[in-house]
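J.: Please find the sequence and the predicted model below.
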Number of protein chains: 2
Amino acid sequence: MPATQAYLDYGAATPLDPQVLEAMMPYLTGEFYNPSAPYALARQTRDALEQARTTLASLIGARPASITLTAGATEANNLAFAAVDGHVVTSAIEHESVLACAKSHDHTLVGVGPDGRVDLPALRRAITPETQLVSVELANGEVGAIQPVREIAQAVAAERMRRLEAGERNPIYLHTDASQAALTHAINVSSLGADLLTLSAAKVYGPKQVGLLWASDDVRLRPLVRGGGQEGGVRSGTENVAGVIGFARAFELACAGRKEEARRLQELRSRLQSRLEAAFPSMVVSGPKRSKLRLPGLLHVSFAGLDAMRLVIGLERLGVSVGTGSACAASRMQVSHVLTAMGVPQEVARGSLRMTLGRPTTTDEIDYAAEAIERVVRGEAARVGVSL
Amino acid sequence: MPATQAYLDYGAATPLDPQVLEAMMPYLTGEFYNPSAPYALARQTRDALEQARTTLASLIGARPASITLTAGATEANNLAFAAVDGHVVTSAIEHESVLACAKSHDHTLVGVGPDGRVDLPALRRAITPETQLVSVELANGEVGAIQPVREIAQAVAAERMRRLEAGERNPIYLHTDASQAALTHAINVSSLGADLLTLSAAKVYGPKQVGLLWASDDVRLRPLVRGGGQEGGVRSGTENVAGVIGFARAFELACAGRKEEARRLQELRSRLQSRLEAAFPSMVVSGPKRSKLRLPGLLHVSFAGLDAMRLVIGLERLGVSVGTGSACAASRMQVSHVLTAMGVPQEVARGSLRMTLGRPTTTDEIDYAAEAIERVVRGEAARVGVSL
């Protein structure tokens, strides 16, 4: 196998930023103390942990006490759903963790348009007097659709107001998983109007299995993991000190470079998209057409009649790593629930590649990848007798 | 504050072994891929992860598929309890995660003797036809009592046999948290006779928030965290690749040096204990008298009439870090539930220090610590007018 020429799957995993690893190193070596221990060395470790929490909170306009540190976004999403017993509303294209949690409640899945954006009128209709949680990802990780979370927040607020006026006491909360959006979109809990928000370190050049759930004062979280009472009793277990400190540094760096990086990724994505569109006029590009409504570093394309797994294998022979569908589902080779919900025909969906660009991506890498994709797609099309 | 002269709280936190960090580093830098991604680079990451699982499994005499990787021992204990709905039996001196889980079930807490060992006849009586889980820590982390897990396994097996003969279908499992014992005691799931077993990386010079739950084929685990289906659907979320690889390396090193290290720790502990006993004839040493029944690196002592927190502060001024009670409870300054269950009077319990020795501990460090403890304890005794 050749050396990697182009890794284009940052949506599945980001490397640790070297500055993040540097921030973590003291806590992977000398500063290893248990933050709950009573002596000064351990209190310093606790202070560093709490400083990281404060950094994370301030970057999303929240108070440190409203942040629960978790072992990743999946756990944070589970924790959000564990806060309610009643009816939940979510979209049909959510991350598998949200869909799995929804299915353990009375639930309504709202459809999306052909561009992957949530059907807002349908979402409004899905909210009943029994609904306790609405959960919509800020940006879909597979086709990159930015969801109208503020409009959804208004719908939730309207229902809340109706209940208040009717004297109904059933609470209703809005949760959004902002993991995929956090690198390129400003995340502010007030302006989003959400009550619960998930973030992942692993998507912002931080460590794996580190995440957080922000919750407004109105929400009473219920623990999934009980014990020593860490995280305000909501998530027990000795804290992942190095991981959390890495998360804070990673998110700090992401926020500092956000605008410039979003612009840069969008240019690179346009370059890749233009080249592939020129080569393959029948190629389908999924996700919203307006670039403002699509993650700037994501390109989802489909080649009707081809098999994505064969394309991935052909591409890796040329040193190009790309994804098929969402990372979690990828290893199971089923047609993506996201594309199905968007109404993409199966034979188109089966030939889908997801390219997600990242901080290390260069123009040269894009050009190399474009050429490799052209070559592999042409080869496969010729083999199976499809004209593109 | 002076530099640390003696850190004697390895029961609360162990530093990463440099060889562990070395094993983790590739996965904190270049090998950052998502193990679920479809290309070769990611499959290599997956292979490394699965190799680590195989290592961990083989070190406890288990099959890799029976290991669920978790974000720490607390989560693993929670997962064990989530496997059952019925009555549970545990001891009054378990780790807080086990006690918290027990309290969410119909439960019976079995007492312990003055040495901290579980009252076996009481445990046998506590098992009813409704009991589905018995959970007893292999070694208590606070006073170091090694529990009679094999005898408990026999009691569970006898009840299982009785049910089989009576045609009763209610299952009964034995869970043991072996986290505190893993550095100095061989852990073999067959010879222990357990059905569920917890281990923690953070207690064996591995990373924090990494652990595992082993489960026999008879147990059907139920997920606390749902989503992408990792860990056989039992623990979703992109895997903590570096953490798991570090865990495997740490446990491998621990097992390789186990006997020699246990002997060495016991000698150091005896040296410390003898010096303190000579200085303070009224000092109470808790835990089993027979060294075979006590964790070799642990010394729990109490000074009636003194305040442990003042001793800890005095000691840290001399660069000596020790624990008061269990690490989790320590920051809350309540009298340890372990000592209470052992029948230690409150005024004795309040003056308790826990010293846990570790791999880096030297004779010089022990001598320095002994001198510091003598000085601080004498000072406090003089201040409050207690004669020791």
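T.: In hand now; what should we look at?
J.: how about the strands in chain A?
T.: Here chain A has its strands, by DSSP state E, at A:6-8, A:67-70, A:87-91, A:107-110, A:131-135, A:173-177, A:196-200, A:211-215, A:284-286, A:298-302, A:320-322, A:352-356.
J.: ok, which residues in the stretch 101-250 of chain A are in contact with chain B?
T.: A:101, A:104, A:202, A:207-209, A:224-230, A:236-243 (C-beta under 8 Å from any C-beta of the partner chain). All C-beta spots, glycine's among them, are computed from the backbone N, C-alpha and C.
J.: out of those residues, which are buried?
T.: Among those, those classed as buried by 16 or more other C-beta atoms under 10 Å in any protein chain shown are A:101, A:202, A:207-209, A:224-230, A:236-243.
J.: Among those residues, which ones are in helices?
T.: With DSSP state H as the criterion, helices contain A:101, A:241-243 from among those.
J.: And the residues you listed, which is closest to A:V189?
T.: Minimum distance to A:V189 across those is 20.4 Å, recorded for A:C101 (C-beta to C-beta).
J.: In contact with the closest one, which residues?
T.: Contact analysis of A:C101 by C-beta atoms under 8 Å, 6 or more residues apart in numbering or on different chains lists A:77-78, A:80-82, A:88, A:135, B:226-227.
J.: among the residues you listed, who's most crowded?
T.: Using other C-beta atoms under 10 Å in any protein chain shown as the neighbour criterion, A:N77 leads the contacts of A:C101 with 35 neighbours.
J.: how close does that residue get to chain B?
T.: To chain B, A:N77 is 7 Å away according to C-beta to the nearest C-beta, to the nearest Å.
J.: Ok, A:Y27 next?
T.: From A:Y27 to chain B the distance is 9 Å (C-beta to the nearest C-beta).
J.: was I right about that residue contacting A:A48?
T.: Yes: with contact defined as C-beta atoms under 8 Å, A:Y27 counts as touching A:A48 (7.2 Å).
J.: More neighbours: these two, which one.
T.: The neighbour count for A:Y27 versus A:A48, taken as other C-beta under 10 Å, is higher for A:Y27 (24 against 21).
J.: Not counting residues beside it along the chain, what's closest to that one?
T.: A:A242 (3.8 Å; C-beta to C-beta, 6 or more residues apart in numbering or on different chains).
J.: So which residues of chain A form helices?
T.: Secondary structure of chain A (DSSP H): helices located at A:18-28, A:40-59, A:73-82, A:96-103, A:120-126, A:149-166, A:189-192, A:241-256, A:258-279, A:308-317, A:327-330, A:337-341, A:346-349, A:363-384.
J.: of all the ones you listed, which lies closest to A:N34?
T.: Comparing the helices of chain A by their distance to A:N34 (C-beta to C-beta), the top pick is helix A:40-59, with 5.8 Å.
J.: name the helices or strands packed onto that closest one?
T.: Under the contact definition 3 or more C-beta pairs under 8 Å, 6 or more residues apart in numbering or on different chains; DSSP states H and E, helix A:40-59 sits against strand A:67-70, helix A:241-256.
J.: Point to the helix or strand of chain A where mean pLDDT is at its lowest.
T.: helix A:327-330 (a mean of 44; mean pLDDT, DSSP states H and E).
J.: pretty sure A:Q180 is touching A:G141, no?
T.: Yes: counting by C-beta under 8 Å, A:G141 is a contact partner of A:Q180 at 4.1 Å.
J.: Overlap in contacts, the two.
T.: The contact sets of A:Q180 and A:G141 overlap at A:G11 (C-beta under 8 Å, 6+ apart).
J.: and A:V112, how far is that from chain B?
T.: For A:V112, the distance to chain B equals 20 Å [C-beta to the nearest C-beta].
J.: That residue contacts A:T340, doesn't it?
T.: No: using C-beta under 8 Å, A:V112 is not in contact with A:T340; the gap is 10.4 Å.
J.: How much space separates A:S291 from A:E277?
T.: In this view, A:S291 and A:E277 are 14 Å apart by C-beta to C-beta, to the nearest Å.
J.: Same question for A:Y173.
T.: Distance from A:Y173 to A:E277, by C-beta to C-beta: 41 Å.
J.: From the structure, what's the count of residues near the closest residue in space to A:Q5 that isn't next to it in sequence?
T.: Using C-beta to C-beta, 6+ apart and skipping the chain neighbours, the partner closest in space to A:Q5 is A:G319 (3.6 Å). Using other C-beta under 10 Å, the number of residues around A:G319 comes to 19.
J.: Pull the CA coordinates from stretch A:289-300 and hand them back as PDB.
T.: Listed next in PDB are the C-alpha coordinates belonging to stretch A:289-300 (Å, rounded to 0.1, in the frame of the first residue of the first chain):
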ATOM      1  CA  LYS A 289     -27.100  23.800  -2.700                       C
ATOM      2  CA  ARG A 290     -26.500  27.100  -0.900                       C
ATOM      3  CA  SER A 291     -23.100  26.900   0.600                       C
ATOM      4  CA  LYS A 292     -24.200  28.700   3.700                       C
ATOM      5  CA  LEU A 293     -26.500  25.800   4.500                       C
ATOM      6  CA  ARG A 294     -23.800  23.100   4.000                       C
ATOM      7  CA  LEU A 295     -20.700  22.200   6.100                       C
ATOM      8  CA  PRO A 296     -17.900  23.900   4.200                       C
ATOM      9  CA  GLY A 297     -15.500  21.000   4.400                       C
ATOM     10  CA  LEU A 298     -17.900  18.300   3.300                       C
ATOM     11  CA  LEU A 299     -18.600  16.900  -0.100                       C
ATOM     12  CA  HIS A 300     -21.000  14.000  -0.600                       C
END
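J.: Just confirm yes or no for that stretch near chain B.
T.: No: judged by C-beta under 8 Å from any C-beta, stretch A:289-300 makes no contact with chain B; its nearest approach is 15.1 Å.
J.: what does that stretch rub up against?
T.: So stretch A:289-300 is contacted by A:10-11, A:115, A:117, A:139, A:141-146, A:180-181, A:183-184, A:262-263, A:265-266, A:268-270, A:272-273, A:276, A:285-288, A:352-358, A:361 (C-beta under 8 Å, 6+ apart).
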